[in-house]
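Trainee: Attaching a predicted model along with its sequence, questions to come.
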Amino acid sequence: MGFDFKLKISNAAQLVVISKGKPFLIGKEMSNIETIENGTIIIDEKGIIFDIGTFKEMEDKYKDKTFEKVLDCTGKSVLPGFVDGHTHPVFSGDRVHEFAMKLAGATYLDVHKAGGGIQFTISHTKNSTEEELYQLLIPRLNRMLKNGTTLIEAKSGYGLETETEMKMLKVLDRASKQFQGVEIVSTYLGGHAIPKGMNASEATDDIINKQLPELKRLKDAGEISPSNIDVFLEKGFFEYDDTKRILQAGKDIGLECNFHGDELSYMKSGELAGELGCRAISHLEKVSEDGMKAMASTPTFAVLLPTTAYILRLECPPARRMIELGVPVALGSDFNPNAHCLSMPFVMNLACVLMKMNMNESLVAATLNAAASINKSSTHGSLEIGKFADLVILSADKWEHIIYEMIDPPISHVFKKGNLVFSQ
């Protein structure tokens, strides 16, 4: 005998809906999230939220229906699965030795000049097979999942030449098809640094004339699945004109622009995003007032990475001013060998403490807005009818414990499209 529905999440102390019918939230809206007290969610056989409401409403409405599984969530809180808006999860090589250098006062650029940083990771990643990189990726995804992350943006960028960049995108494509817990939106980042033996102009030409044509060929063949193009817009790396050329070339083959900008230097990132209609910019520690206004107008998402400011001891991006100006703000872990963080609860805590965001704003930025930054908020990021049942369940009757308890949040269950993918 079949069941009417796949799953009922029953009588949760709090269902954190986030918002209804909005693709993202800005300004004061970010502080006003929607919750349902003593709530129940009905999930269909496709893993989609079929209905949501109070326990009494749902019991009356579905009293004659059958469920494959019922989870009693009395005394618990239910949130949308977290969305990590910026990660670099495909790499090999351990950079723990650089942490001591940074603690002794070395800057990101100091480490880079000493032969460490991204060049160290590039060397190791180039020398790793596709299978080795895949086997390194899966435990990282599992650790994200344990921390409630069910959707990530994930970049290439540790190749800087065609073969390795495509190898990384193939790893991400394979994981997106074979790993059930964390969904992946992949981003091509061939412009992460200047390869040895090239200048910026030569590297730009290589990306446009060699890497992007191969990317399009492999994407058309179904071997890779990038949605976005990224460039590291920075002094001494790819500066304004080269970045614009690369992003435009990506747009021309159907990729959305989602790039690194204004991290270490002011580079007119917000202004460039307005000119090109970019989806998102990450970092933005040095963004200008005009840049923020351009981002609000487009709108371009600000994907803020408090882990980076924390680990590199940088000035934080002006999150409060962005929210005041109506820039849509999202959060990411920036997981990479330099900022080894796989926990969105910790990212939200840092956003509150370091960037002075309130807890509601941080949660919106790590769910609905992060989903919107990668064009996924029609299906992810909030508990709404018609969206995927990506759920984080807390052993706490107030959802704020996910941020308050920082690095060891009381996550009891994680569901991906209505399937249990983690339980404590």
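Mentor: Now that the structure is in, tell me what you want to look at.

Trainee: State the helix or strand in which the most centrally placed residue in the chain lies.
Mentor: Centroid check for the chain by Cα atoms, centre = their mean gives Gly85 as the closest residue, at 1.8 Å. For Gly85, the host element (DSSP states H and E) is strand 82-87.

Trainee: buried residues in that strand?
Mentor: Phe82, Val83, Asp84, Gly85, His86, Thr87 (16 or more other Cβ atoms under 10 Å). Where you see a C-beta, it was placed from the backbone N, CA and C, and this is true even at glycine.

Trainee: ok, now stretch 269-281?
Mentor: Residues of stretch 269-281 classed as buried by neighbour count (16+ other Cβ under 10 Å): Ser269, Gly270, Glu271, Leu272, Ala273, Gly274, Leu276, Cys278, Arg279, Ala280, Ile281.

Trainee: what separates stretch 245-263 from the chain centre, distance-wise?
Mentor: Between the centre of stretch 245-263 and the centre of its chain there are 17 Å (Cα atoms, centre = their mean, to the nearest Å).

Trainee: average pLDDT for that stretch?
Mentor: The average pLDDT within stretch 245-263 is 98.

Trainee: One more: stretch 36-56?
Mentor: 98.

Trainee: So what touches that stretch?
Mentor: The contact list for stretch 36-56, computed with Cβ atoms under 8 Å, 6 or more residues apart in numbering, reads 3, 5-15, 17, 57-59, 61-62, 78, 383-389, 391, 416-419.

Trainee: surely His260 meets Asn228?
Mentor: No. In this structure, His260 is not within contact of Asn228 by Cβ atoms under 8 Å, at 11.8 Å.

Trainee: So which of the two has more stuff around it?
Mentor: Each of His260 and Asn228 has its neighbours counted (other Cβ atoms under 10 Å); His260 has more, 29 against 23.

Trainee: Quick check on that one: phi, psi?
Mentor: Main-chain torsions, His260, degrees, to the nearest 10: phi -80, psi 130.

Trainee: what's the spacing between the closest residue to it other than its chain neighbours and Leu160?
Mentor: Closest residue to His260 apart from its sequence neighbours, by Cβ to Cβ, 6 or more residues apart in numbering: Phe232 at 4.5 Å. As for Phe232, its distance to Leu160 is 11 Å (criterion: Cβ to Cβ, to the nearest Å).

Trainee: what's the overlap in contacts for these two?
Mentor: Both Phe232 and Leu160 are contacted by His192, Ala193, under the criterion Cβ under 8 Å, 6+ apart.

Trainee: Counting neighbours, go ahead and name the busier of these two.
Mentor: Neighbours were counted for Phe232 and for Leu160 using other Cβ under 10 Å; Leu160 has more, 26 against 22.

Trainee: what are the phi and psi angles of the residue nearest to the more buried one when sequence neighbours are not counted?
Mentor: Residue nearest to Leu160 in three dimensions, not counting chain neighbours: Pro195, with 4.3 Å by Cβ to Cβ, 6+ apart. Taking degrees, to the nearest 10, you get phi -60, psi 150 for the backbone angles of Pro195.

Trainee: and if you look at the one 5 residues further on?
Mentor: Backbone torsions for Ala200, taken as degrees, to the nearest 10, come to phi -60, psi -40.

Trainee: Helices of the stretch 101-250 of the chain, start to end?
Mentor: For the stretch 101-250 of the chain, the helices defined by DSSP state H, counting those that start in this stretch occupy 108-113, 118-126, 130-146, 162-178, 200-206, 212-220, 240-252.

Trainee: rewinding a little: what about the contacts of stretch 36-56, which are in helices?
Mentor: If you go by DSSP state H, the contacts of stretch 36-56 have Glu57, Met58, Glu59, Lys61 in helices.

Trainee: Return the distance of the first one relative to Asn142.
Mentor: Going back to what we said before, that points to Glu57. Distance from Glu57 to Asn142, counting by Cβ to Cβ: 36 Å.

Trainee: Mind giving me the packing neighbours of the strand holding Gly85?
Mentor: Contact here means 3 or more Cβ pairs under 8 Å, 6 or more residues apart in numbering; DSSP states H and E; on that basis strand 82-87 packs against strand 149-155, strand 280-283, strand 301-304, strand 329-331, helix 344-355, helix 368-373.

Trainee: For those, give me TSV that also has mean pLDDT and distance to Leu215.
Mentor: Output for these, formatted as TSV (pLDDT from 0 to 100; distance: least, Cβ to Cβ, whole Å):
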stretch	mean pLDDT	distance to Leu215
strand 149-155	98	13
strand 280-283	98	19
strand 301-304	98	22
strand 329-331	98	25
helix 344-355	98	29
helix 368-373	98	21
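
Trainee: nearest to Ala175, of these?
Mentor: strand 149-155 (8.2 Å; Cβ to Cβ).

Trainee: In the sheet, which strands lie alongside the closest one, parallel or antiparallel?
Mentor: strand 82-87 (parallel), strand 183-191 (parallel) (DSSP bridges).

Trainee: Centre of the chain to that strand, how far?
Mentor: Relative to its chain's centre, strand 149-155 lies at 5 Å (Cα atoms, centre = their mean).

Trainee: if we can go back for a sec, the residue nearest to Leu160: neighbouring residues, count only.
Mentor: With other Cβ under 10 Å as criterion, Pro195 counts 16.

Trainee: Give me the distance between it and Asp205.
Mentor: Pro195 is 12 Å from Asp205, where distance means Cβ to Cβ.

Trainee: For Met357, which residues are in contact?
Mentor: Going by Cβ under 8 Å, 6+ apart, Met357 touches Ala319, Arg320, Ile323, Val329, Ala351, Ala365.
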